[in-house]
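Chemist: What follows is a protein structure lacking sequence information:
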């Protein structure tokens, strides 16, 4: 997707964006679109092989604007080191997209504590650690924008064993709201972006191959727009929120879900 096609104006075109979960799915789409738009991008992933593949796919001809960083987002020391390296190589990240996520589906009475902890560690603790590490640079610069990739399941429940995942995403929404209030005086914005069903590896991680076709048909029937999103359809609003075009939006939990939440009954 070209910068012209994306049509997202970036006033500070030399700013650095750090993206977690950048080796696949939504994170990779965000990184690619940001590079197309002229930003410097630190791509964060857990596996060197996946980082190498992403670098080969996204970095050709713009090696000076991309920095692959291996990091387990649930590890405090690794996160601090990754942000420090991104700052040294590209400049302080004034944009952050936290997209790293895992899911360990299962009814709560069947879900072992280790699996529950793994979901919270990557999804919620990882978001906290990345925000914590990037905020000092944003405070020093007097500006910054954070997009925490969440889910409609952070607002509404669904049957089928999504308790751990839903809990992690509800926490992410709360972190984004808190940052929006606590750091507004520093010119820092934070929003949660809530993608609906999206064509990613994570989408099918807990679905047996024999059940994928049936599950896809069910999802298509449930989503008002009648299909799953492509990762690029989530990347575009993420970058818009990061840009000055979204300069008055902060503290939001913004659906990008094909109408899923419009069908849900939300009680506060």
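Modeler: Cool, the structure landed. Everything quoted here is computed from the prediction, not taken from an experiment. Numbers count the residues shown, from 1 in each chain.

Chemist: Just give me the residue right at the centre of this structure.
Modeler: residue 99 (2.4 Å; CA atoms, centre = their mean).

Chemist: need the strands for the stretch 51-200 of the chain, in chain order.
Modeler: Per DSSP state E, counting those that start in this stretch, the stretch 51-200 of the chain carries strands over the ranges 66-70, 93-98, 144-149, 188-195.

Chemist: would a markdown table of the ones you listed with mean neighbour count, distance to residue 40 and mean pLDDT be doable?
Modeler: All C-beta spots, glycine's among them, are computed from the backbone N, C-alpha and C. What follows is the strands of the stretch 51-200 of the chain, written out as a markdown table (neighbours: other CB atoms under 10 Å; distance: least, CB to CB, whole Å; pLDDT from 0 to 100):
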| stretch | mean neighbour count | distance to residue 40 | mean pLDDT |
| --- | --- | --- | --- |
| strand 66-70 | 21 | 7 | 97 |
| strand 93-98 | 28 | 9 | 97 |
| strand 144-149 | 28 | 15 | 98 |
| strand 188-195 | 27 | 19 | 97 |
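
Chemist: Now tell me what touches stretch 166-178 from outside.
Modeler: With contacts defined as CB atoms under 8 Å, 6 or more residues apart in numbering, stretch 166-178 is touched by 98, 101, 119-120, 123-124, 127-128, 131, 146, 148-151, 153-155, 157-158, 190-192, 251-253.

Chemist: Go again with 7 Å.
Modeler: Here stretch 166-178 makes contact (CB atoms under 7 Å, 6 or more residues apart in numbering) with 119-120, 123-124, 127-128, 131, 148, 150-151, 153-154, 157, 190-192, 251, 253.

Chemist: Please pick the buried ones from these.
Modeler: If you count burial by 16 or more other CB atoms under 10 Å, the buried members of the contacts of stretch 166-178 come out as 119-120, 123-124, 127-128, 131, 148, 150-151, 153-154, 190-192, 251, 253.

Chemist: how long is stretch 150-165 end to end?
Modeler: Distance between the two ends of stretch 150-165: 10 Å, counting by CA to CA, to the nearest Å.

Chemist: wait, I meant stretch 96-103
Modeler: Terminal residues of stretch 96-103 are spaced 22 Å apart (CA to CA).

Chemist: Mean confidence (pLDDT) on the lengthiest helix in the chain, please.
Modeler: The residue-count maximum for a helix in the chain (DSSP state H) belongs to helix 163-182. When pLDDT is averaged along helix 163-182, the result is 97.

Chemist: angle of that helix against strand 93-98?
Modeler: 150 degrees (axes from the mean of the first three to the mean of the last three CA atoms, to 10 degrees).

Chemist: Work out the gap between helix 163-182 and the centre of the chain.
Modeler: The chain centre lies 13 Å from the centre of helix 163-182; the measure is CA atoms, centre = their mean, to the nearest Å.

Chemist: And stretch 79-89, by the same measure?
Modeler: 18 Å.

Chemist: Contacts for it, please.
Modeler: 16, 18, 42, 44, 67, 69, 71, 73, 93, 129-130, 133-134, 137.

Chemist: can you do 6 Å?
Modeler: Residues outside stretch 79-89 that contact it (CB atoms under 6 Å, 6 or more residues apart in numbering) are 18, 42, 44, 67, 69, 71, 93, 129, 133-134.
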